[in-house]
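Student: below are the sequence and a predicted model for it; my questions follow.
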Amino acid sequence: MTNQEQKPSHYPLYFFGSSLMSVKVLNALRNYGITPNVIITVPDKPQGRKLELTPNPTKIWAQDHHIPCLEFAKLNDDAYQEIKTQSKEQPKIFIVASYGKIIPERFLEIPEFGALNIHPSKLPELRGAAPLQFTILNDQNKTAVTIIKMDKDMDHGPIFAQDNVDIAEIAKWPTGYSELELITANIGARLIAENIDDYIAGDLKLKEQKHESATFTKKITKEDGLINPWLSKPEEQRKNILKIRAFEEWPGTYFFADKMIKGENKKIRVVIKEAFWHENNEAGHQLQITRVIPEGGGMMMWDSFLQSIGRK
C-alpha cells in the first residue's frame, strides 16, 4: 500500500474556516480520508457593486459536499450551545484553518482532544494574521508549517507537528501568495493525517513553543500595496516584486503616475496586474512590469502605458 493509500482512522471532528485557504486545507484533508462532520464558518457578506449577500468559499465547499454548516457572526453563548449540542456524540477534535475569528477558550474545550490549528510558518516565528504575506515580504523561502494545539492566546499553544520546507525547491521563488497558500495547506493536511492516530492514542508528545523567540505579523491594509515602480536599485526592485507576490490576492499593488488629461496634469492610480522577476548574471536582477490597469481605463501593456504618460 502506498503512502497516499494509507489513510488514518476517521474521527468525529468539526472544522473551523472561512477562506479559500480553508478550502485548500479541506480538499487536502479529504485526500487523506479526513472529512469533517460539521463545518463552522462566518455568515454571508455583501459583495460586488450590488452588495449582494455572498457565501464564503468554505460554506460553498460544505454545501457542495453535503456537510452541515453552522454560521456565527460571534462566538457567544448561543453559538456555544449550538456547537456543543450539534451532535449526540462529542467531537474528538476541532481543526482550525484560516477561520478569521478568535475562538474563546471554552469553545476549545468542547472536543475531547482540543483544537488543532494549521499555521503556515515556523512558529513561534510570524505569529498573527498574515504569516504567508510576511514569509514572502521577508524573502524567506525557507519556512515551515506548524500544527499547534490551540490555547487562549493567539498562535501560542504547544506544537503538535512541524515540518520545514524550502519553497524554492518546490516552486519558483518569490512565489505568489495563492501558490504558497496551496503548498502550505497540503503540508498542513499531511501533518494532521500522519499524526492524528498517535495523538488520539496518547502516543504523541506535544512540544512547548519557545515563546521568547516569538515574532509577530501586522494586519495588512490597502495602503500596504503602494510601491514605487521607478526605483532602479536591485534591492529596491526586489522589495517591489516581493510586495507584488505577497499582495496578489489582496490588497493588490499600485502606484501613482502623472498624466495629462484634457490639458490638465493629474495624478492617477495605477494597479499592477502582472510582473516578472528576471535574474541575469550580466544585467543583474530586474523587475519587469508587463500589465497594468490605470484609473478610469482598462488593462494595458506596460510599454503602452508608459507611452500614454510620456515616459517612453
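Tutor: Looks like it came in fine.
Student: following the longest helix belonging to the chain, which helix or strand comes up?
Tutor: With DSSP state H setting the assignment, residue counts place helix 177-201 as the longest helix in the chain. Using DSSP states H and E, the helix or strand that follows helix 177-201 in sequence is helix 234-246.
Student: how big is the angle separating that next one from helix 177-201?
Tutor: Between helix 234-246 and helix 177-201, the angle comes out at 60 degrees (axes from the mean of the first three to the mean of the last three Cα atoms, to 10 degrees).
Student: which parts of helix 234-246 are buried?
Tutor: 237-246 (16 or more other Cβ atoms under 10 Å). In this view, the C-beta of every residue, glycine as well, is placed from N, C-alpha and C.
Student: so for that helix, mean pLDDT?
Tutor: Here helix 234-246 scores 95 as its mean pLDDT.
Student: mind listing the strands for the stretch 51-200 of the chain?
Tutor: 52-54, 69-71, 93-96, 115-119, 142-149, 159-166 (DSSP state E, counting those that start in this stretch).
Student: deepest of these, which one?
Tutor: strand 115-119 (a mean of 26; mean count of other Cβ atoms under 10 Å).
Student: and this structure, what are its domains?
Tutor: 13-213, 222-308 (automatic domain parsing).
Student: which one of those domains is the most hemmed in?
Tutor: domain 13-213 (a mean of 18).
Student: quick one: distance of that one to the chain centre.
Tutor: 10 Å (Cα atoms, centre = their mean, to the nearest Å).
Student: that one spans what distance, first to last residue?
Tutor: 32 Å (Cα to Cα, to the nearest Å).
Student: next one: stretch 126-142
Tutor: End to end - Cα to Cα - stretch 126-142 spans 13 Å.
Student: what is the mean pLDDT for it?
Tutor: 97.
Student: stretch 49-59 too?
Tutor: Here the average pLDDT along stretch 49-59 is 89.
Student: identify the residues contacting it?
Tutor: Residues outside stretch 49-59 that contact it (Cβ atoms under 8 Å, 6 or more residues apart in numbering) are 17-20, 22-23, 26, 39, 41-42, 44-48, 63, 69, 71.
Student: looking at those residues, which are in helices?
Tutor: Per DSSP H, these map to helices at 20, 22-23, 26, 63.
Student: list just the nearest of these to Phe305.
Tutor: Leu20 (29.8 Å; Cβ to Cβ).
Student: now do the same contact list for Leu75.
Tutor: 101-104, 107.
Student: which single one of the residues you listed is nearest to Ile192?
Tutor: Nearest to Ile192 among these, counting by Cβ to Cβ, is Ile103 at 17.3 Å.
Student: quick check: Val38 touching Gln86?
Tutor: Yes - taking contacts as Cβ atoms under 8 Å, Val38 lies within contact range of Gln86: 5.5 Å.
Student: what do the two both touch?
Tutor: Between them, Val38 and Gln86 share the contacting residues 14, 68, 70, judged by Cβ under 8 Å, 6+ apart.
Student: which non-adjacent residue is nearest the second one?
Tutor: Spelled out, it's Pro68. Val38 (5.1 Å; Cβ to Cβ, 6 or more residues apart in numbering).
Student: try the first one
Tutor: When the adjacent residues along the chain are set aside, Tyr14 lies closest to Val38, with 4.6 Å between them (Cβ to Cβ, 6+ apart).
Student: now swap in the last one and tell me
Tutor: Spatial nearest neighbour of Leu70, chain neighbours left out: Ile40 (5.0 Å); criterion: Cβ to Cβ, 6+ apart.
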